[in-house]
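Colleague: The following block contains a protein sequence and its predicted model.
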Amino acid sequence: MSRLAPALSTQITGVDRPFSNFDFVDREFSGSAPIRRLFSQARSRGAKTLVMEKVAAQGAVADENAELRDLFPDYQMAGLVRLSFWRTSFARKAEIAALCDADCMGWAILKLDQVGARQGWHVFESVIRAYEHPHSFATCARTVPVKIAGRKFEISGVLYCQQNGLNKACAQVALRSICSAFLDDPDLTFRRINQLAASVSPVSKPGEGLLTDQIQDVLDGLGIPHFAIFYPNLDGRQKWRSRLPYQKILYSGIESGCGALLAFTTSGPRAPGCGHIVPLLGHTFNEDTWSARGDGAYFKIGKDIRYLPSSAWMSSFLIHDDNFGSNLCVAKDYLPPKQADYVVALYPSGYAAPGFVAEVAASRYFYSLLRQLDESVNPWVNRLHRTVKNKELILRTVPITREAYCQHVREMQDWEHHTEDPATVDDLARLCPDRMWMIEVSIPDLFSTNLRKLGELLLSADLTISDRPDYQKFVLSRFPGCYMLFDRLDGRRQPRFVAASSGLQTHTPLWTRKA
């Protein structure tokens, strides 16, 4: 693995002013835009020192070189360097031994491929820490180890990779980014991706990209659960684009912590009518957004059942684009729906459907039990009823394990500092299955400004797409002062619930995914 390989030589450079990133990248790396983006990210985060090490081809790099020699007999690797960016100033390699993970802003393996007279640098892989902002959520980030000057560091992020037009195009690099994060395997190789893509239909020229079926073959071959939709293949596709918007699918994969892929048709002068695909690894959150309430941006299910999805407060998707660089933001409504052709939402292993399916089902369960939720016993339950009448119910859907949910409840303090009885938490552990969807229930201002909720519904992970509620998949719900559990269907086939008391009487914090 070249990111862990010993350095063959080391160059340490101070990058404070008047050091010019543009001059350096033009001189050393032919002015590559994605490489310049690495330096710009480091500069914006206050980088003081650059370490550039020449390294040998090992692991995934060596594997790619073997694949390229099979494709192009005259191929040769003309250069391979490992860059790392540091918050602290130093001039000697020995000083790196005293540094910690937080001192490193990120790293990159840059590779120079040559076929005949054609030569070009590209980012084989890199991890640059995402922008550190409280409302920026890189939900798919994983910890990736790297060695600098023989010392091991661990940096959180999602692998960024750039195509070379030889054995990989935008599809392969997008797949490696999102699949390596899902599998927590940064050593996933491009040859493995190309082999899986060719398992059903051959990939004669991998440098020209992959078809949608081949992308799904890769995901299937890696055992990654996913929901995919190719809008142009659907009858009346404009209807489907509005009924199931691409943003809802993508957000589902991102909020599940698994990621998503978006392929679109370009219309610019450089490549009109061509396809491009990018991985999505997180999102930004705008607590002051107007559109969530001002323009009626609610998702409608049935005639009278409405709610605001938490995605209404999402401002941008966090993406990698191999043409421009890593950790970029794209406004959620920037891409016209007619140009979003293919979307893929990943979801966790052990789940039968993506999160948006659970959210739709949860809204139905919620309205069934709302009638039995007494609004007279708790002012917050009363406020929840009023919110529903105003059609401003808010739902947020995330996957959660039994252990994580019980820990979440155990650590909760409501606004008046009440906590849950430990015996109740023990009861929850006996009631809950190993894996669940948690659909958090909140109301305006409480959700967006304070990141808090009134409760949640838990659904079994084996929930599937269905037009009819299956109450065997309903685990329980929690609201201020009570839990609600499914009891039976009455003579009119209406669900009946039983209540149990809860020590949590007011609103509580939203669940936060722990790294």
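Modeller: The structure has been received and is ready for your questions.

Colleague: hmm, who's touching the one helix or strand Ala423 maps to?
Modeller: Using DSSP states H and E, Ala423 maps to helix 422-431. With contacts defined as C-beta atoms under 8 Å, 6 or more residues apart in numbering, helix 422-431 is touched by 402, 405-406, 409-410, 475-476, 483, 485, 500, 502-503. Placement of C-beta: from N, CA and C, glycine included.

Colleague: Off-centre distance for it?
Modeller: 31 Å (C-alpha atoms, centre = their mean, to the nearest Å).

Colleague: Now do it, average pLDDT.
Modeller: Averaging pLDDT along helix 422-431 gives 96.

Colleague: Could you identify the helix or strand that succeeds it?
Modeller: Criterion used, DSSP H and E; the element after helix 422-431 is strand 435-442.

Colleague: Adjacent strands (with direction) for that following strand?
Modeller: strand 394-401 (antiparallel), strand 455-460 (antiparallel) (DSSP bridges).

Colleague: And the helix holding Ala423, what's buried?
Modeller: 424-425, 428 (16 or more other C-beta atoms under 10 Å).

Colleague: Using CSV, write out every CA atom in that helix.
Modeller: Output in CSV follows, covering the C-alpha atoms of helix 422-431 (Å, rounded to 0.1, in the frame of the first residue of the first chain):
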residue,chain,number,x,y,z
PRO,A,422,-32.6,2.4,33.7
ALA,A,423,-35.2,-0.4,34.1
THR,A,424,-37.1,1.0,31.1
VAL,A,425,-34.0,1.0,29.0
ASP,A,426,-33.5,-2.7,29.9
ASP,A,427,-37.0,-3.4,28.7
LEU,A,428,-36.3,-1.6,25.4
ALA,A,429,-33.3,-3.9,24.9
ARG,A,430,-35.6,-6.9,25.2
LEU,A,431,-38.2,-5.4,22.8
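
Colleague: Next, the angle strand 455-460 makes with that helix.
Modeller: 30 degrees (axes from the mean of the first three to the mean of the last three C-alpha atoms, to 10 degrees).

Colleague: Let me see the domain layout of this structure.
Modeller: Domain segmentation of the chain under automatic domain parsing yields 7-346, 362-509.

Colleague: And the closest residue to Ser89 other than its chain neighbours, its phi and psi?
Modeller: Among residues not flanking Ser89 along the chain, Lys48 sits closest, at 4.4 Å (C-beta to C-beta, 6 or more residues apart in numbering). Backbone geometry at Lys48, expressed as degrees, to the nearest 10, gives phi -110, psi -30.

Colleague: Cys329 bridge partners, please.
Modeller: Cys329 has these beta-bridge partners by DSSP bridges: Leu318.

Colleague: cool, Pro495 as well?
Modeller: Leu489.

Colleague: any idea of the pLDDT on Asp220?
Modeller: In this prediction Asp220 is given a pLDDT of 96.

Colleague: Please give the element, helix or strand, for it.
Modeller: Using DSSP H and E, Asp220 sits in helix 212-221.

Colleague: Counting neighbours, what do you get for Leu71?
Modeller: 15 (other C-beta atoms under 10 Å).

Colleague: for Ala331, same thing?
Modeller: Ala331, neighbours per other C-beta under 10 Å, totals 11.

Colleague: phi, psi of the closest residue to Thr508 other than its chain neighbours?
Modeller: Spatially, and ignoring its direct neighbours in sequence, Thr508 is nearest to Met412 (4.7 Å; C-beta to C-beta, 6+ apart). Note on Met412: backbone dihedrals following degrees, to the nearest 10 are phi -70, psi 140.

Colleague: Am I right that Met412 is in contact with Thr419?
Modeller: Yes: counting by C-beta atoms under 8 Å, Met412 touches Thr419, with 6.6 Å between them.

Colleague: okay, the two: which has more neighbours?
Modeller: Met412 (18 against 15).

Colleague: Helices of the chain, start to end?
Modeller: All helices of the chain, identified by DSSP state H, fall at 21-29, 33-44, 59-71, 170-183, 190-197, 212-221, 237-243, 246-255, 291-294, 355-370, 379-389, 402-411, 422-431.

Colleague: Can you find the helix or strand of this structure with the lowest average pLDDT?
Modeller: strand 299-301 (a mean of 49; mean pLDDT, DSSP states H and E).

Colleague: residues in contact with the closest residue to Tyr483 other than its chain neighbours?
Modeller: In space, and not counting its chain neighbours, Tyr483 is closest to Ala500: 4.5 Å by C-beta to C-beta, 6+ apart. Contacts of Ala500 were listed using C-beta under 8 Å, 6+ apart, and they are 424, 482-483, 485.

Colleague: quick one: which of these sit in strands?
Modeller: Among the contacts of Ala500, the ones falling in strands (DSSP state E) are 482-483, 485.

Colleague: with the residues you listed in mind, which one is nearest to Ala198?
Modeller: Of all the ones in strands among the contacts of Ala500, Ala198 sits closest to Leu485, with 50.2 Å by C-beta to C-beta.

Colleague: Around the closest one, how many other residues sit close by?
Modeller: Burial of Leu485 is recorded as 14 neighbouring residues (other C-beta under 10 Å).

Colleague: What's the separation between it and Gly455?
Modeller: 13 Å (C-beta to C-beta, to the nearest Å).
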